[in-house]
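Novice: predicted coordinates and the sequence they were generated for:
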Amino acid sequence: MLLVLKRIERQLELGLQPLLDEFGLTIEQWRVMAALHEEPGQPMSVLAESAVLPAASLTRHVDKLVERGLVLRRIHPDDRRRIVTALSPVGGTVADRLASAQRELEADVAKYFQMEIHERSSSATPR
């Protein structure tokens, strides 16, 4: 099952790559943006987990996204020691386009793997 999940992840990444290239984003930067698209205003520690990135590299990716105006970083309103992140308006537009493409890819990949699982179970059934 783990191998199937890895294949699904790879298919989605390959499918998103042309759009990522168009926006000049890495897959890791997209994961940051996707996590913020799902839940804006995340503290960096939560964002690292949501984006499935080590905290050390998350800062670098967020810095690049902030430089490009796609992500905003602010001091938490209730705790001035914490930083929260969210998509900028431009980042939200980019994330919307990528999320739409991702949903289409997920549907296509799901159909493909459902067919593959069906074929494997059919061929495993004794006749």
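Specialist: Alright, I've got the coordinates.
Novice: where does pLDDT dip in this protein?
Specialist: Scanning the chain with the threshold set as pLDDT under 70 gives 115-121, 123-127.
Novice: put the alpha carbons of stretch 77-84 into PDB.
Specialist: What follows is stretch 77-84, C-alpha atoms only, in PDB (Å, rounded to 0.1, in the frame of the first residue of the first chain):
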ATOM      1  CA  PRO A  77      -2.200  39.200  17.600                       C
ATOM      2  CA  ASP A  78      -2.400  37.400  21.000                       C
ATOM      3  CA  ASP A  79       1.300  36.300  21.400                       C
ATOM      4  CA  ARG A  80       3.900  38.700  20.100                       C
ATOM      5  CA  ARG A  81       6.500  36.000  20.300                       C
ATOM      6  CA  ARG A  82       4.800  33.900  17.600                       C
ATOM      7  CA  ILE A  83       4.600  34.400  13.800                       C
ATOM      8  CA  VAL A  84       1.600  33.500  11.800                       C
END
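Novice: burial check on the residue lying closest to I75 once chain neighbours are set aside, number of neighbours?
Specialist: Once its chain neighbours are removed from consideration, I75 has its nearest residue in I83; the separation is 6.4 Å (C-beta to C-beta, 6 or more residues apart in numbering). All C-beta spots, glycine's among them, are computed from the backbone N, C-alpha and C. Summarising burial for I83: neighbours were counted as other C-beta atoms under 10 Å, giving 17.
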